[in-house]
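Enquirer: no FASTA, just this:
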Ligand code: NAP
């Protein structure tokens, strides 16, 4: 069984990113810049924002964190986004989710200029992907397909099953796999006969956030499993199927699997870095 190591794959992609960033710096006369809007003092959100900043800086990308008070109003936050849209020195915008409950998150996301929307979450970027003309693609979906391709997993003509249909992971991943000529089935919490659907998968993407639904005995031999989930258990992360107790049977059944942690996570981060660089590069092109 091959372990699809996201850390190593992400490090390799960092090298080419560094040279793209230094080319961009020459063209722009400054470093490419990401602005992150962080609202409130949630520790986990602050941790993720810190991680993104660290990754940006390691590549020579400037990262500006706009830390807003928890009580910021919808109108004030909308103004911040509009200002960032109009700021020519900002190439990329990211709003750290979740936002406080009194904020209409969808409205805030939709306000981001799609050309700077490096999370790929605006309807415009979603529509481009669905129409087969991707502009900026959601980072986890992009990271999953990159990891599979870099890992030498053949996708063309394969039966792929994606369990989970969120806008963040499941839906864009299914679109990306369709672009790779997979025959894609999307399953969710209302799917009947989930075991039967899963048993049919040659490529299985698990993005539920629940380790108690799918067990290794349901898998067909030779399947490639992408375990996206990050479930906390006894202070450690486990996937939807990648757990210590499942490993003996997974080794028997799977041709390849992504570990948790160290699989999709690092690929999500490097895909974000790629989106930032892509957004800045596209802005320098005449058709942008
Ligand atoms: P989400 O918005 O909660 O979506 C979960 C999806 O799983 C939903 O579509 C849900 O179906 C489906 N689901 C839940 N229970 C199910 C069941 N028993 N049977 C079949 N389907 C079921 O979560 P998300 O944002 O997509 O994230 C999914 C997981 O990936 C989480 O563990 C998250 O932490 C992880 N994640 C990891 C990364 C990374 O970089 N590694 C990035 C993003 C997310 P319904 O639509 O019917 O409710």
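Expert: Ah, there it is. What you are looking at is a predicted structure, and each value in this text was computed from that prediction instead of being measured.

Enquirer: Quick check: residues of the stretch 101-250 of the chain near the ligand?
Expert: Contact residues, the stretch 101-250 of the chain versus the ligand (Cβ under 6 Å from any ligand atom): 140, 163-166, 168-170, 187-191, 194, 207-210, 213, 228-231. C-beta here means a position set from N, CA and C on the backbone, and glycine is covered the same way.

Enquirer: Break down the protein into its helices, ranges please.
Expert: Counting by DSSP state H, the chain has helices at residues 6-28, 43-59, 74-86, 105-111, 123-130, 139-150, 170-179, 194-199, 247-253, 264-283.

Enquirer: Check what contacts the fifth one and list those residues.
Expert: Yep, that's helix 123-130 we're talking about. 110, 114, 117, 120, 134-138, 167, 171-172, 175-176 (Cβ atoms under 8 Å, 6 or more residues apart in numbering).

Enquirer: and which of those is nearest to the ligand?
Expert: Comparing the contacts of helix 123-130 against the ligand with Cβ to the nearest ligand atom picks out residue 167 as the nearest, at 7.8 Å.

Enquirer: how about that closest one, what does it touch?
Expert: Per Cβ under 8 Å, 6+ apart, neighbours of residue 167: 121, 126, 138.

Enquirer: Could you take those and lay them out as TSV, with extra columns for neighbour count and pLDDT?
Expert: Shown next, in TSV, are those (neighbours: other Cβ atoms under 10 Å; pLDDT from 0 to 100):
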residue	neighbour count	pLDDT
121	24	97
126	20	97
138	30	98
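
Enquirer: I'd say residue 93 and residue 85 touch.
Expert: Yes: using Cβ atoms under 8 Å, residue 93 is in contact with residue 85, at 7.3 Å.

Enquirer: So for the two, which residue has more residues nearby?
Expert: More neighbours surround residue 93 than the other of residue 93 and residue 85, with 27 against 16 (other Cβ atoms under 10 Å).

Enquirer: quick one: contacts for the more buried one?
Expert: 34-35, 37, 81, 84-85, 112-113, 116-118.

Enquirer: what separates residue 129 from the ligand, distance-wise?
Expert: 16 Å (Cβ to the nearest ligand atom, to the nearest Å).

Enquirer: burial measure for that residue, as a count.
Expert: Residue 129, neighbours per other Cβ under 10 Å, totals 23.

Enquirer: just the contacts of residue 93 now: which is nearest residue 99?
Expert: Nearest to residue 99 among the contacts of residue 93, counting by Cβ to Cβ, is residue 37 at 8.9 Å.

Enquirer: The closest one and residue 95 touch, don't they?
Expert: Yes: the criterion here is Cβ under 8 Å, and residue 37 meets it with residue 95 at 4.7 Å.

Enquirer: Among these two, which residue is more densely surrounded?
Expert: Using other Cβ under 10 Å, the more surrounded residue of residue 37 and residue 95 is residue 95, with 25 against 22.

Enquirer: does that one really touch residue 111, like I thought?
Expert: No: judged on Cβ under 8 Å, residue 95 makes no contact with residue 111 at a distance of 9.2 Å.

Enquirer: Relative to residue 68, which of the helices of the chain is closest?
Expert: helix 74-86 (6.8 Å).

Enquirer: which other residues reach that closest one?
Expert: Contact with helix 74-86 is made by 35, 37, 39, 66, 68, 90, 93, 95, 99, 102-104, 107-108, 111-113, 116, as judged by Cβ under 8 Å, 6+ apart.

Enquirer: what about 10 Å?
Expert: Residues from elsewhere that reach helix 74-86 (Cβ atoms under 10 Å, 6 or more residues apart in numbering): 35, 37, 39, 64, 66, 68-69, 72-73, 90, 92-95, 99-100, 102-105, 107-117.

Enquirer: Repeat that for stretch 14-23.
Expert: 10, 31-32, 55-56, 58-61, 266, 269-270, 273-274, 276-278, 280-281, 284.

Enquirer: That one - what's its average pLDDT?
Expert: Summarised as a single mean, pLDDT over stretch 14-23 is 95.
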